[in-house]
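Asks: Got a sequence here, can you build the structure:
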Amino acid sequence: MAFEVTPIYALPLAVIFLILWFRTTSMRGGLKLSIGDGGNPEMLLRIRQHGNFVEWTPFVLILMILAEGMGAPALYLHISGALLLIGRIAHPSGLKIDNSAHPLRYVGNGTNILATLNMMVCLGVNILGL
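Replies: Numbering: from 1, shown residues only. Just a heads-up that it's a prediction; the model follows:
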């Protein structure tokens, strides 16, 4: 089976992954840190921006691949893919050291949850044959 929808979202998400990785790694090199944040709040922020991306993105993409493989309608895959992409763009800008209630942080987390729930429903419907 050829996957046609999930790769549309996997590609830009891979680009975002590399941008976040580069920002973290370049700062780490500039601070001469091998691991950790060295007590630098900006380094910690970049680590968490990248880490949050890594915590959410593969999970939702796996759900999308499974749903697409089971024949979920493309519309639902596009909904989850778009929500995930929007969230992964918004979240790093909303993750702030001094503002845990930044609106873009809520957008990032909320869209991830909605994308996950949407794929859970798609998988459940396919598993139950509904």
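Asks: Next up, the contacts around the residue nearest the centre of the chain.
Replies: Against the mean C-alpha coordinate of the chain, by Cα atoms, centre = their mean, the closest residue is residue 57 at 3.3 Å. For residue 57, the contacting residues are 13, 17, 84, 88, by Cβ atoms under 8 Å, 6 or more residues apart in numbering. The way it works is simple: take the backbone N, C-alpha and C, and place the C-beta from them, glycine included.
Asks: Quickly find the element holding it.
Replies: helix 41-69 (DSSP states H and E).
Asks: picking that back up, just flag the most distant two among the contacts of residue 57.
Replies: Within the contacts of residue 57, two members stand farthest from each other by Cβ to Cβ: 17 and 84, at 12.2 Å.
Asks: Between those two, which is the more surrounded one?
Replies: Higher neighbour count among residue 17 and residue 84: residue 84, with 29 against 17, using other Cβ atoms under 10 Å.
Asks: Mind checking what secondary structure the more buried one has?
Replies: Of the three states, residue 84 takes helix under DSSP: H, G, I helix; E, B strand; the rest coil.
Asks: Tell me the confidence at it?
Replies: Here, the pLDDT recorded for residue 84 equals 98.
Asks: Quick check: closest non-adjacent residue to it.
Replies: residue 115 (4.5 Å; Cβ to Cβ, 6 or more residues apart in numbering).
Asks: Now do the same contact list for that neighbour.
Replies: 60, 79-81, 83-84, 87.
Asks: what do you get if the cut-off is 7 Å, keeping everything else the same?
Replies: 60, 80, 83-84 (Cβ atoms under 7 Å, 6 or more residues apart in numbering).
Asks: check which helix or strand covers it.
Replies: With DSSP H and E as the test, residue 115 turns up in helix 103-128.
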